[in-house]
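1. this one's structure only:
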């Protein structure tokens, strides 16, 4: 009874005379050539990753914003407010929450649905009422030391407007936010007065 060994094909012919080395190198050369053609054919300013993502999305379009947010809201640790803001508490803070009239000291990173980062800052003061509505609402939910991930529907962010080329119109914005500290409007006014007094020339 014959068997099929490592050097024998299913039709019984002996393949011991052949070598897999040449087909391997031939395939490798073809792969390199195809890669070179692919890279040189990319539109100017487009990365291979970006081009691949565009090609994939042309065949399998991603869910629209409403579908994306509806699916995200089904996660157990995601909370959605009446306005449509969604957030996840990564680390709970302590104490009071800032009011709309307060100024918050914030660390944040903002990204789009595809993961591209459009803005970030390690420490910056923000008037709570002076940012987009969804971000303002989220700050007023947080406490000092708290870390949240928030999802802003476009209507709670920039809507049909675009603040820059990094953020297309009607974008869902995703932020990782840490509330470092905040001060009241009265405290801010006192600080401003102290700064003004420190720069005033002494009376003659």
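-> Nice, I can see it. Quick caveat, the model's predicted, so the values are computed rather than measured.
2. What are the neighbouring residues in contact with the spatially most central residue of the chain?
-> Among the residues of the chain, residue 111 comes closest to the average C-alpha position under Cα atoms, centre = their mean, at 2.9 Å. For residue 111, the contacting residues are 117, 118, 173, 174, 175, by Cβ atoms under 8 Å, 6 or more residues apart in numbering. Glycine gets a C-beta too; all of them are placed from N, C-alpha and C.
3. Now, of those, which are buried?
-> Buried members of the contacts of residue 111, scored by 16 or more other Cβ atoms under 10 Å, are 118, 173, 174, 175.
4. Can you flag which of these belong to helices?
-> Per DSSP state H, helices hold no members of those.
5. Where in the protein is the helix or strand with the lowest mean pLDDT?
-> Here the helix or strand of the chain ranked lowest by mean pLDDT, DSSP states H and E is helix 48-59, holding a mean of 56.
6. helix or strand right after it?
-> Next helix or strand after helix 48-59 toward the C-terminus (DSSP states H and E): helix 65-73.
7. any low-confidence regions in the chain?
-> 1-24, 31, 33-62, 200-204 (pLDDT under 70).
8. residue boundaries of the strands in the protein?
-> For the chain, strands defined by DSSP state E occupy the ranges 79-80, 86-91, 103-111, 117-127, 147-152, 173-183.
9. looking at the ones you listed, which is buried most?
-> When these are scored by mean count of other Cβ atoms under 10 Å, the highest mean neighbour count falls to strand 147-152 (a mean of 22).
10. what sits against residue 179?
-> 93, 98, 104, 105, 106, 139, 142, 143, 144, 145, 146.
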